[in-house]
Structures are given as structure tokens and as C-alpha cells.
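>>> I'd like to go over a predicted model; first the sequence, then the structure.
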Amino acid sequence: MKRIVLSALALAILAAPMAQAQAASTRSHEPRIEDQRGRPGASQGYSVRRKVEKHHRYERGQRFTNWKRYEARDWKRHGLRKPGHGQRWIRVGNDYMLITIASGIIAGVIAGR
């Protein structure tokens, strides 16, 4: 009798965490998105803020100050011509720019392919 009670207790102790794990895996933890007016849509939940990325358009003659952070040393692999004396290729996003080292002026821009 003692063995039956102890084995039933052991089975209950082992089965409880498995039952909780199965119940937790069926719940959805994905955030629900509200409509544009801020009122909850069909599903009641919380809203998600999306980060808006600003894309800057670079042109020849503009100054680019933080060029060392973006330097692209593998210019041959990307099909770019050899930079002249005192110039470097940098990559910002998907664009390549030829920068003059001394002044930081953009000498050329190639849009990403």
C-alpha cells in the first residue's frame, strides 16, 4: 500500500510541471496591433510602436564628418574603382561614397545595388 501511494505521489510531482509547460506553450505571447486611430482593433491587447527609419540622401559636395566609422576597405570586392590619393570609400546603409580624408567632402556617391 505504501508503494502505491508513493508512486502515485511521485507521478503527480513529475506530471505537474509537464502539464504547466504544455499549457504555457499554447498561449500566444505575440503583441496585438491597434488600428491607426489608437482604438483597439478586433482583439483586445497592447499596441506596438514601430521605429521609423530616416534615410538621408547624400550628394557630392556635402560634408561627411564621421567617415572613419563606415570605412569600406574591400572596394575591389564591391566593384568600386581604386580611391585616389587622400580619398577613401565608405559604406553607409546600401550606398558607397568616396570621401576626401582631409576635408570630409563627398567626392562621389554610388547607390547600392
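Looks like it arrived, so ask away.
>>> tell me where the chain has helices.
Under the criterion DSSP state H, helices of the chain are mapped to 2-26.
>>> what's the spacing between K2 and L80?
Noted for K2: a distance of 81 Å to L80, by C-beta to C-beta, to the nearest Å. The way it works is simple: take the backbone N, C-alpha and C, and place the C-beta from them, glycine included.
>>> and those two? Which one has more around it.
L80 (16 against 6; other C-beta atoms under 10 Å).
>>> now do the contacts for the nearest residue to the more buried one once chain neighbours are set aside.
Closest residue in space to L80, ignoring its immediate chain neighbours: W89 at 5.6 Å, by C-beta to C-beta, 6 or more residues apart in numbering. By C-beta atoms under 8 Å, 6 or more residues apart in numbering, the contact list for W89 reads E71, A72, R73, W75, H78, L80, P83, Y96, M97, L98, I99.
>>> export these to a markdown table and tack on distance to H56?
Output for these, formatted as a markdown table (distance: C-beta to C-beta, whole Å):
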| residue | distance to H56 |
| --- | --- |
| E71 | 18 |
| A72 | 17 |
| R73 | 23 |
| W75 | 22 |
| H78 | 20 |
| L80 | 20 |
| P83 | 22 |
| Y96 | 14 |
| M97 | 11 |
| L98 | 17 |
| I99 | 15 |
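>>> pull the most distant pair out of these.
Comparing all pairs in the contacts of W89 by C-beta to C-beta, the longest separation belongs to H78 and I99, at 15.1 Å.
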